[in-house]
Each structure stands twice: as C-alpha cells, then as structure tokens.
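Trainee: Got a sequence here, can you build the structure:
(chains A and B)
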Amino acid sequence: QKEVEQNSGPLSVPEGAIASLNCTYSDRGSQSFFWYRQYSGKSPELIMSIYSNGDKEDGRFTAQLNKASQYVSLLIRDSQPSDSATYLCASKAAGNKLTFGGGTRVLVKP
Amino acid sequence: SAVISQKPSRDICQRGTSLTIQCQVDSQVTMMFWYRQQPGQSLTLIATANQGSEATYESGFVIDKFPISRPNLTFSTLTVSNMSPEDSSIYLCSVGKDTSQETQYFGPGTRLLVL
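Mentor: All right, here's what the predicted structure looks like:
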C-alpha cells in the first residue's frame, strides 16, 4: 500500500521561531507533492506545491523535496499563532489521485 | 482557483436513512473527487466522479453504499446510503485538472452526524 507518513505532533513552536515539518512517502512513482493547512472545522487549503528536488520558497513557507530519500519537508519561518493548524502532506502519482499523510498538528505559542 | 460550494454544510441523520451531498463548482473542471475525513483522521479518497460515466471507487468503497453522479463538468452528488453511526464524518469534494502538477482544491465540506 502506498503511504505518506507524518509525525502527528503536536509540534509546539514559540512565536517567531521556525517550525519544521517532515513527510516521507513510499511510492517512488510520486511526481508531485503538496502541503495543505487545515484549521479545526475547516477544509484543507493549499499552501505549497513542489515537483523538483530542492527548495521552493513562498513568503514565510519553504518546501523541500528529496526524491532520492523520499521525503518532503515544510519550514514555516517567523511562526505566528495564526499558523496553529494541522498540516497535511500529500503526494500525487499517475492517475492524478492524492494520497494524504495523517497530518502534523502545529501549535504556535505566543 | 475555482469556487466550490457544498450542500448541506452539516446534517444530523438517523441510522438507516440516506443523505445526498451536492458539490457545485463555478467553472468547468476536469476532475472531481469525493473524500471522507473521519474524526481526528486524515483524508481518504472515496471515488473519482467521472462526467457521464460511473465513478471510479477506491478500495473499501462501493457504489451501493456511496452512489455518485456527475451529470456535467460543474456538478456532482455523493449519496451516503443506509447510514450507520460509523458514517459520521466530514465529506469533502475536491476539483482539479487532469495533469500531474495540478493540485486539488477542496470544497467547504459537509459535516454528517449519524445517530
């Protein structure tokens, strides 16, 4: 079974610090990777997508992909209390179906 | 990204009944999907809604339990049939394009409680 694994957390981070989230995947055919943020009681919203090895930055967020090691990470710089949410990692292989990890709950403390 | 709406936003149902959830998109989309998110869990894909043909179901999900319609490129329905308390979940529709690098965008979800 093709899986995406995440540490469930909670990951507790002081305000202003860097939150580092990791995700591993088992399907070497995965081509695209996505990070979603989900607030309690809300639906997932896309934060970042990454397709190539290396880093991709968007504002306070940086996604990192290493296909050889089959891991994806998300860094949140200058963490704010509004970043407190569950972060879902997802991979997409052929067939355009997303496989989601279990999510990492992040708690940013003022 | 497309604007996606779902109806109803929430419902409380009795066991043994059925509920149909609607998903409406403000523009034509290639791909539409239905997910379930059980309490405290991540998202599980139920099926891909195919326009003009039968939906493609994932392992563990069957058409008799979760019949899906997709009459056009902007609308789909998911029915949860013969409900039991184990069906209490959030049901989400998502839309996307038929390319590997395109992500999916999610509707607001339908929160279902079965008593």
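
Trainee: and residue 37, what are its bridge partners?
Mentor: Let's take chain A. A:Glu45, A:Tyr87 (DSSP bridges).

Trainee: I was after chain B.
Mentor: B:Leu43, B:Ile90.

Trainee: Neighbours of it, how many?
Mentor: Close neighbours of B:Gln37, defined as other CB atoms under 10 Å in any protein chain shown, add up to 22. For glycine as for every other residue, the C-beta is placed from the backbone atoms N, C-alpha and C.

Trainee: Report the contact partners of it.
Mentor: B:Gln37 makes contact with B:Leu43, B:Thr44, B:Ser89, B:Ile90, B:Tyr91, B:Leu92, B:Gly109, according to CB atoms under 8 Å, 6 or more residues apart in numbering or on different chains.

Trainee: If any of these are buried, give me the ChimeraX selection for them.
Mentor: To isolate the buried members of the contacts of B:Gln37 in ChimeraX, using 16 or more other CB atoms under 10 Å in any protein chain shown:
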select /B:43,89,90,91,92,109
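
Trainee: Going by distance to B:Gln22, which of the contacts of B:Gln37 wins?
Mentor: Relative to B:Gln22, the closest of the contacts of B:Gln37 is B:Tyr91; by CB to CB it sits at 10.8 Å.

Trainee: Against B:Val62, how distant is that closest one?
Mentor: 16 Å (CB to CB, to the nearest Å).

Trainee: Can you pull up the most central residue in chain B?
Mentor: Chain B has B:Trp34 as the residue nearest its centroid, 3.1 Å off, counting by CA atoms, centre = their mean.

Trainee: tell me which residues in stretch B:37-54 are buried?
Mentor: Those buried within stretch B:37-54 under the rule 16+ other CB under 10 Å are B:Gln37, B:Ser42, B:Leu43, B:Leu45, B:Ile46, B:Ala47, B:Thr48, B:Ala49, B:Gln51.

Trainee: Check those residues and tell me the two furthest apart.
Mentor: It's B:Ser42 and B:Gln51 that sit farthest apart of those, by CB to CB, at 27.1 Å.

Trainee: Could you check how many residues crowd around residue 72?
Mentor: Since you didn't name a chain, this refers to chain A. Neighbour count for A:Val72, taken as other CB under 10 Å: 27.

Trainee: Hmm, no, I was thinking of chain B.
Mentor: So B:Asn72, with other CB under 10 Å, has 10 neighbours.
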